[in-house]
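**Q** The following comprises the amino acid sequence and a computationally predicted model.
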Amino acid sequence: MSDTISFDSTSPRFGLPLLFAAQSQKEVYVNEALALVDGLIHCAIEGSATTPPSAPADGTAWLVGTGASGDWAGEDGKLACHQAGAWIFVAPCNGMNLLNKANGQFTHYLNGWQSPALVAAPSGGTVIDSQARTAIAALISALQAAAILPSG
């Protein structure tokens with residue numbers, strides 16, 4: 001027979017609150033966990049900002065920029081999810097992906113938020129290979145259409 005698993009008070013990756021036997025007000029912990037899960041599953045942000053929007057809709061999220069102020073002060077680099085009229089902040093962990101709706105680009109977290117840079121179309125040179133240039137341009141367009149590279 002296996003040993004009983006012993007849990008901390010929160011989940012290890014995103015700090016979701018866990019329930020315990022005979023815990024009072026379980027609905028508070030369950031609702032907080034569901035709000036966090038709602039903000040993290042297939043995460044899409046409105047954009048990146050250092051100040052909170054004046055009238056955010058519930059269910060929207062932003063990436064908090066460096067030097068944040070107001071309700072976001074001290075939350076740099078975290079996701080700010082607006083739920084039930086309040087801000088919930090989530091610290092990123094390696095492997096997180098999100099869609100930035102402001103620019104249509106995917107961003108991932110690996111020891112910091114990273115987005116691919118714009119790749120320049122081929123130009124110049126002394127020998128022009130039009131077929132290679134056409135293939136490279138098509139590849140860049142396909143990567144931009146897949147939101148892997150930003151649009152120029």
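**A** On my side now, so go ahead.
**Q** where does the spatially most central residue of the chain land in three-state SS?
**A** Among the residues of the chain, the one closest to the centroid is Leu98, at 3.7 Å (C-alpha atoms, centre = their mean). Following DSSP: H, G, I helix; E, B strand; the rest coil, we place Leu98 in the strand state.
**Q** isn't it right next to Thr107, touching?
**A** Yes - the pair Leu98 / Thr107 is scored as a contact, 5.6 Å apart, by C-beta atoms under 8 Å. C-beta: built from backbone N, CA, C; applies to glycine.
**Q** shared neighbours of those two, which are they?
**A** Applying C-beta atoms under 8 Å, 6 or more residues apart in numbering, one finds that Leu98 and Thr107 are jointly contacted by Leu63.
**Q** Quick one: low-confidence residue ranges for this protein.
**A** 1-8, 11-14, 38-39, 125-128, 152 (pLDDT under 70).
**Q** where do the helices sit along it?
**A** Along the chain, counting by DSSP state H, helices occupy 26-40, 130-145.
**Q** looking at the ones you listed, which is closest to Ser151?
**A** Of all these, it is helix 130-145 that lies closest to Ser151, at 5.1 Å by C-beta to C-beta.
**Q** quick one on the thing from earlier: so what's the residue nearest to the centre of the chain closest to, chain neighbours aside?
**A** Cys43 (4.1 Å; C-beta to C-beta, 6 or more residues apart in numbering).
**Q** ok, now how distant is that neighbour from Gln144?
**A** Cys43 sits 21 Å away from Gln144, going by C-beta to C-beta, to the nearest Å.
**Q** Equivalent analysis for Thr10, please.
**A** Thr10 is 39 Å from Gln144, by C-beta to C-beta.
**Q** of these two, who's got more company?
**A** The neighbour comparison of Thr10 against Gln144 (other C-beta atoms under 10 Å) goes to Gln144, with 18 against 13.
**Q** The more buried one contacts Ala137, correct?
**A** No - using C-beta under 8 Å as the test, Gln144 is too far from Ala137 to be in contact (10.6 Å).
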